[in-house]
Structure formats: C-alpha cells, structure tokens
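In: coordinates only, sequence not included:
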C-alpha cells in the first residue's frame, strides 16, 4: 500500500514539473510583463544621419616674399612698360627695419607688374601693403594672368588704390559675371599696414580688406593663371604674402561652365589699352587700375 502511495506521489510531482515548463509565470500585480527584445528596423539610406567626414588636410601656406632665396629666382617674373627696363629699377626685397622680415618694395616707376611663374586656380591669398607717403597711392593684385605681357594683361584685378581698395574687375579679354565697384573706403591712413585676403574657388572670388568683406565676383574667365602685383606710379610696400592652394572642388554645382554671353548682353570686359612705345605709359588713364 505504501508502495502504491509513493508511486502516486511521484506521478503527481512529474505532472507539476511539466506544467511549470509549459505555462508561463503570471507576473505579480502591478508589474510589467517581460517582452522579447524588439528587432531594429532596417536603416533607410535616404533618412539615415550623415556620417562624419574627416577634414581634409590642407597644405601649409607658402610665403612668396623671402630673403633667403634669390630674387626674382624661379618664383617671379616681371614686365615693364619701359623697354629694356631693369628689375631693380622697380622691385627689390630687403629686410623690414621694424621686424627684420622680408619686405617687397616697389618704386612705382616705370609702370608694369611682377608676377608668379606658377599658375593657380583654387587658393587662398593674403598679403599686407602700405603707401609710405602717398594718400592716393595706386597698385593692385592681378589674378589669373594669361596671354601676352602688356599693360594691362588679361587678368582679374583686386584694386589696392587707396580710396577704392577691394574693387574688383577684369582686364583685357578676361570676363566676369559681375564686378565690385563703389566700394566703401576701408584703407588705413598713409604708412599704416593694410591687409587683403582673397579666396578663389572655381572661378569665384571672395574679397576681404582689413577684416571687412567687400563682396564676391563670380564667373571669372579665365579662372586660373599667374598672380601679379602692379607698379603704378606710387611707392608701395608689400609683406606677408602668403598663398595656400586648395583641393579642386568635387561638387559639380560649384563648377560654373565657361559660356559665352548672350547676344545683346555683353559680359563685363576689361579695357585693353595699347602701350605708347616712347614712354611705356598707357595713353588711356584709368584710376581704377
């Protein structure tokens, strides 16, 4: 009899164990039932957050005015409106007595320009300039110089004329979609250093003078070429002439096609005056140059 009862108890215990394995536990009152972890939905490429892009390492800026290299060396060439003129008549590099840094001095005569042998397209440019004595001193930065040397070559000029520093316009056969004229007076008084910064990207120029943005010029054609400094009648000093080449744009929207202007809507073109052979001076006077 005891054996029968023991077997019965064993049978009941087996049934309870099987029931516990099949029937889920009922949570206590007020508790939240456990749920299976949710499956993460597949990401949509159109709505996915953009991945961080590592910054592009830019090359170090290059100083174009150096005491440690022969002048003009392989960096510079010069053109003068005076036949057989010597470089040293107009241009020289010496140590700045205030800082001992390289100082490029232009006598302003005869008229002409100093320009890089290397061409540039996408770059940042920065330089400082001053007129020691002339309140109406005149010079300029020539960008994208192309073609034959003459006064003034095919290029886009950023004006350094004391009352109009930052004005920007084309010369020769160069063209732009717009020009910068009637700019505010931002130059500092005589014998004080001014600072000009120019960003060139895919034919668009952004011009800043003494920390003030003057504006943008778009659609420069040509949009690559040499960089020059003008000799234009006034003694002018330059220093801290830095240039940094930038990677070419990969965005097609940034590239402006070089198209011809529509008939009846001429593009802005610079003057291309001839040079008088006797003096090398341009017979056409233009205070913007």
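Out: Everything's here; your move. Source: prediction; values computed, not measured. Numbers count the residues shown, from 1 in each chain.
In: show me what contacts residue 214?
Out: If you count contacts by CB atoms under 8 Å, 6 or more residues apart in numbering, residue 214 has them with 166-168, 180, 183-184, 186, 207-208. Heads up, the C-betas are built off the backbone N, CA and C, glycines and all.
In: out of those residues, which is nearest to residue 61?
Out: Ranked by distance to residue 61 (CB to CB), the contacts of residue 214 are led by residue 208 at 15.8 Å.
In: ranges for the helices of this protein?
Out: Along the chain, counting by DSSP state H, helices occupy 2-22, 87-90.
In: worst average pLDDT in those helices?
Out: Among these, helix 2-22 carries the lowest mean pLDDT, at a mean of 42.
In: mind listing what residue 116 touches?
Out: By CB under 8 Å, 6+ apart, the contact list for residue 116 reads 64, 75-77, 226-228.
In: can you give me the end-to-end distance of stretch 117-124?
Out: Stretch 117-124 stretches 17 Å from its first residue to its last (CA to CA, to the nearest Å).
In: just the buried residues of it, please?
Out: Within stretch 117-124, the residues that qualify as buried are 120-124, counting by 16 or more other CB atoms under 10 Å.
In: what does that stretch contact?
Out: 61, 74-77, 197-202, 223-227, 242-249.
In: now with 7 Å, please.
Out: Contact with stretch 117-124 is made by 74-77, 199-202, 223-227, 243-246, 248-249, as judged by CB atoms under 7 Å, 6 or more residues apart in numbering.
In: buried ones among these?
Out: 75-77, 199-202, 223-227, 243-246.
In: and the strands in the stretch 51-200 of the chain?
Out: 62-63, 76-80, 91-95, 102-106, 112-116, 123-130, 140-146, 154-159, 168-171, 175-176, 194-201 (DSSP state E, counting those that start in this stretch).
In: in TSV: the ones you listed, plus mean pLDDT.
Out: Output for these, formatted as TSV (pLDDT from 0 to 100):
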stretch	mean pLDDT
strand 62-63	92
strand 76-80	96
strand 91-95	95
strand 102-106	96
strand 112-116	97
strand 123-130	97
strand 140-146	98
strand 154-159	98
strand 168-171	98
strand 175-176	98
strand 194-201	98
